[in-house]
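A.B. asks: model this:
(4 chains)
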Number of protein chains: 2
Amino acid sequence: MIRVLLADDQALVRGALAALLDLEADLEVVAQVGRGDEVVGAAREHRADVVLLDVEMPGLDGIAAAAALHRELPGCRSLIVTTFGRPGYLRRALEAGASGFVVKDTPAEQLADAVRRVHAGLRVVDPSLAVESLTVGTSPLTDREADVLRAAATGGTVADIARDTFLSEGTVRNYLSSAMGKTGGRTRAEAARIAQDNGWLLP
Amino acid sequence: MIRVLLADDQALVRGALAALLDLEADLEVVAQVGRGDEVVGAAREHRADVVLLDVEMPGLDGIAAAAALHRELPGCRSLIVTTFGRPGYLRRALEAGASGFVVKDTPAEQLADAVRRVHAGLRVVDPSLAVESLTVGTSPLTDREADVLRAAATGGTVADIARDTFLSEGTVRNYLSSAMGKTGGRTRAEAARIAQDNGWLLP
DNA sequence: GCCCGCCGATGACATCTGTCATCCGCGATC
DNA sequence: GATCGCGGATGACAGATGTCATCGGCGGGC
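C.D. replies: Numbers count the residues shown, from 1 in each chain, chains lettered A, B, ... in the order given. Got it, this is the predicted structure:
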């Protein structure tokens, strides 16, 4: 019997995935959480074998949660299940020690199999995403550039971004400029969108 | 036996919801589709009583699909199930003839109940969202303002937006300016975000 | 008939952005 | 020790953006 923990911030999706996995004779959903920072505690308490993690979660994102799991409970495997097939997410998930990565577009029948494979010690990776991840490559942005783009994503003025990042306005414009150069965006909004789509803006 | 049709672009979520609803003795998921423009056909073919609709779908958005359903199969109820609790979505869903509106944050146990209520001819509406919908009110934007904001959302320059909307650059700047005034945004990116969050940018 | 709002456009203007050169300090790295 | 990249900053400059006034045309209300 494979003991599964679900982590997703949307209660309905969480419950539905639980129903789906509980149909399998060899799987058992032993707990569910809606926040990233509750993952490790719940996994320990319920002795989970495999943890399904969404990326977007309050408290702690799914990739950071996978890293924490890998550190504190090395025997526990993690499988990222996410809405967005962002190449950067896949790369960072694998670096964080996740055992698998599937997008929510995949057929429902394959999920249980992915859980079994991960439990067996195999890696499960969406193949098309793996290819894209190679072509897109790792983030070209420096930490500050990413900070500034993150702050720019809400659409504020340079003054707003400067306040949020504790930088001078001129410095902000410099970082925006170099980030635009690296992403190929022609405005900061476009640069921010490109960086987001590639999964380069996680903390 | 209540015959249910599922429409959601994410196969995994679709399958999981099917598993969840099939646990109920009085519910039966008779079909699933991943596109909005396949909803009416599938509902007719499988004689669905209730259709669960996501808002974000390729082909046709969930609210437009609800309107089409209401027109062509008046006996068939629709229940919008969406990730985003945007006040404008709720308003437009009800105007389109949808019988219910729940966000994916709601506990899984309540979904089957919502389906039963809708099937019984009742309206099901997330209460907190209903309140917000009243305070936010209907969209203050004209059609063109919304067009321009939609085109602005990808982060392009004024020239890009002008090309996309077949307008002069000056006109685009005028619409952007008035949209910024109405939304309270201080840049077009902020205005676009605010309009999106309020659900004012659906076609 | 008149007024008002929306559409589409133009022109002028102040400000904001994006770009570039330049500076300093700090760690790495060679 | 020299070089390089990064963080942080300043100043200058061209071009993009946001604002406003103004125009003409069209349709809907009163």
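
A.B. asks: from here on, contacts and neighbour counts on C-alpha atoms
C.D. replies: OK.

A.B. asks: ok, which residues in chain A are in contact with DNA strand D?
C.D. replies: Contact residues (CA under 7 Å from any atom of the strand) of chain A with DNA strand D: A:142-145, A:166-171, A:174, A:187.

A.B. asks: tell me the residues of chain A that contact chain B?
C.D. replies: By CA under 8 Å from any CA of the partner chain, the part of chain A that sits against chain B consists of A:9-20, A:23, A:104-109, A:111, A:154-157, A:186-191, A:193.

A.B. asks: let's go with 6 Å and repeat that
C.D. replies: Within chain A, the residues that sit near chain B (CA under 6 Å from any CA of the partner chain) are A:10-12, A:15-17, A:19-20, A:104-108, A:155, A:189-190.

A.B. asks: need the max-distance pair from the residues of chain A next to DNA strand D.
C.D. replies: A:F166 and A:T187 (21.7 Å; CA to CA).

A.B. asks: contacts for the helix or strand encompassing A:G15?
C.D. replies: Using DSSP states H and E, A:G15 sits in helix A:11-22. For helix A:11-22, contacts defined as CA atoms under 6 Å, 6 or more residues apart in numbering or on different chains pick out A:8, A:28, B:16-17, B:19-20, B:104-108.

A.B. asks: of the residues you listed, buried ones?
C.D. replies: Among the contacts of helix A:11-22, those buried by neighbour count (16 or more other CA atoms under 10 Å in any protein chain shown) are A:8, A:28, B:16-17, B:19-20, B:104-106, B:108.

A.B. asks: from those residues, which are also near DNA strand C?
C.D. replies: Near DNA strand C, judged by CA under 7 Å from any atom of the strand, there are no entries from the buried ones among the contacts of helix A:11-22.

A.B. asks: ok, of those residues, which one's closest to DNA strand D?
C.D. replies: A:D8 (31.6 Å; CA to the nearest atom of the strand).

A.B. asks: so for the closest one, what's the pLDDT?
C.D. replies: What the model reports as pLDDT for A:D8 is 96.

A.B. asks: list the contacts of the helix or strand bottoming out on mean pLDDT in chain A.
C.D. replies: Across the helices and strands of chain A, mean pLDDT, DSSP states H and E gives its lowest value to helix A:127-136, namely a mean of 84. Residues from elsewhere that reach helix A:127-136, judged by CA under 6 Å, 6+ apart: A:P87.

A.B. asks: buried residues in that helix?
C.D. replies: With burial defined by 16+ other CA under 10 Å, the residues of helix A:127-136 counted as buried are A:129, A:132-133.

A.B. asks: now do stretch A:42-61
C.D. replies: A:42-43, A:47-57, A:60-61.

A.B. asks: would you say A:V29 is within a strand?
C.D. replies: Yes: using DSSP: H, G, I helix; E, B strand; the rest coil, the assignment for A:V29 is a strand.

A.B. asks: who touches A:G62 in this structure?
C.D. replies: Counted by CA under 6 Å, 6+ apart, A:G62 has contacts A:53-55.

A.B. asks: which ones among the residues you listed also lie next to DNA strand C?
C.D. replies: Checked against DNA strand C using CA under 7 Å from any atom of the strand, the contacts of A:G62 give no members in range.

A.B. asks: same question for the longest helix belonging to chain A, mean pLDDT?
C.D. replies: Secondary structure of chain A read by DSSP state H shows that its longest helix is helix A:169-183. The average pLDDT for helix A:169-183 rounds to 94.

A.B. asks: that one packs against which elements?
C.D. replies: Applying 3 or more CA pairs under 6 Å, 6 or more residues apart in numbering or on different chains; DSSP states H and E, one finds that helix A:169-183 contacts no other helix or strand.

A.B. asks: now it: buried residues?
C.D. replies: Those would be A:169, A:172-173, A:175-177, A:179-180, A:183, for helix A:169-183 by 16+ other CA under 10 Å.
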